[in-house]
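Colleague: Turn this into a structure:
(chains A and B)
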Amino acid sequence: AQSVSQHNHHVILSEAASLELGCNYSYGGTVNLFWYVQYPGQHLQLLLKYFSGDPLVKGIKGFEAEFIKSKFSFNLRKPSVQWSDTAEYFCAVTSDNTGGFKTIFGAGTRLFVKA
Amino acid sequence: EAQVTQNPRYLITVTGKKLTVTCSQNMNHEYMSWYRQDPGLGLRQIYYSMNVEVTDKGDVPEGYKVSRKEKRNFPLILESPSPNQTSLYFCASGPFGGQKEKLFFGSGTQLSVL
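Modeller: Next comes the predicted model:
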């Protein structure tokens, strides 16, 4: 069965620290990969997405992610976090080959940035 | 403004009392979906709809019903709610065939079943 794994459930960083959140998926076909962010009390918003081309994608607010096909990974990075990045981050996968439109989400990573 | 509107934002009910959570989108999207969010489990899909009168089960459909009589609306129905359905619910929509496109999410409905 398809699944998405996010390795860290909680991450605490100080401002200006670098961030890397891990995401691995299990699916052998063509995939489309997303990172969503959920700020406290708000709904999910798209940070960035990848479906083809340059495996290093840049999103909003200085975030980027790298697709490594051989590792089935799509890790999210930011060189220097800010207090306003405190949020929950979700990795998600869709597939061109599923019979229907299924977006599979990881369990999420809660990031807390100390001022 | 493009948006997905869910109502209500908060709902407290008792076991067995039927309830409906409404979801409406103004983007003419074919695809709509319901998710529940639980700590440590992320978002799990309950039901989705590819178009009017076309619905299908997601990963956790037990205890829920949906209908898609109009393109813009996709209500979630709990015929006989139970405490294990206490959760945060999100409705989402997206364009048809839009596996490469982002989902638009509603603001969520926090449901407590006593």
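
Colleague: tell me the pLDDT at the nearest residue to A:Ser26 once chain neighbours are set aside?
Modeller: Excluding the flanking residues, the one nearest A:Ser26 by C-beta to C-beta, 6 or more residues apart in numbering or on different chains is A:Ser3, at 5.0 Å. For glycine as for every other residue, the C-beta is placed from the backbone atoms N, C-alpha and C. pLDDT for A:Ser3: 84.

Colleague: and chain A, which of its residues are near chain B?
Modeller: Counting by C-beta under 8 Å from any C-beta of the partner chain, chain A comes close to chain B at A:4, A:6, A:9, A:32, A:34, A:42-46, A:49, A:51, A:90, A:94-96, A:98, A:100-108.

Colleague: Among those residues, which ones are in helices?
Modeller: The members of these all map outside helices under DSSP state H.

Colleague: where do the strands sit along chain B?
Modeller: Assigned by DSSP state E, chain B shows strands spanning B:4-7, B:10-13, B:19-25, B:31-38, B:42-51, B:54-57, B:65-66, B:76-78, B:87-94, B:104-105, B:109-113.

Colleague: How far off centre is the second one?
Modeller: The gap between where strand B:10-13 is centred and where its chain is centred comes out at 15 Å by C-alpha atoms, centre = their mean, to the nearest Å.

Colleague: Name every strand pairing with that strand and say which way it goes.
Modeller: Partners of strand B:10-13 in the sheet, by DSSP bridges, are strand B:109-113 (parallel).

Colleague: Name the residues of the partner strand that are buried.
Modeller: Buried residues in strand B:109-113, counting neighbours by 16 or more other C-beta atoms under 10 Å in any protein chain shown, are found at B:Thr109, B:Leu111, B:Val113.

Colleague: check contacts around the residue most central in space within chain B.
Modeller: Centroid-nearest residue in chain B: B:Trp34, 2.8 Å away (criterion: C-alpha atoms, centre = their mean). Applying C-beta atoms under 8 Å, 6 or more residues apart in numbering or on different chains, we find B:Trp34 in contact with B:23, B:45-48, B:58, B:64, B:66, B:74, B:76, B:89-92.
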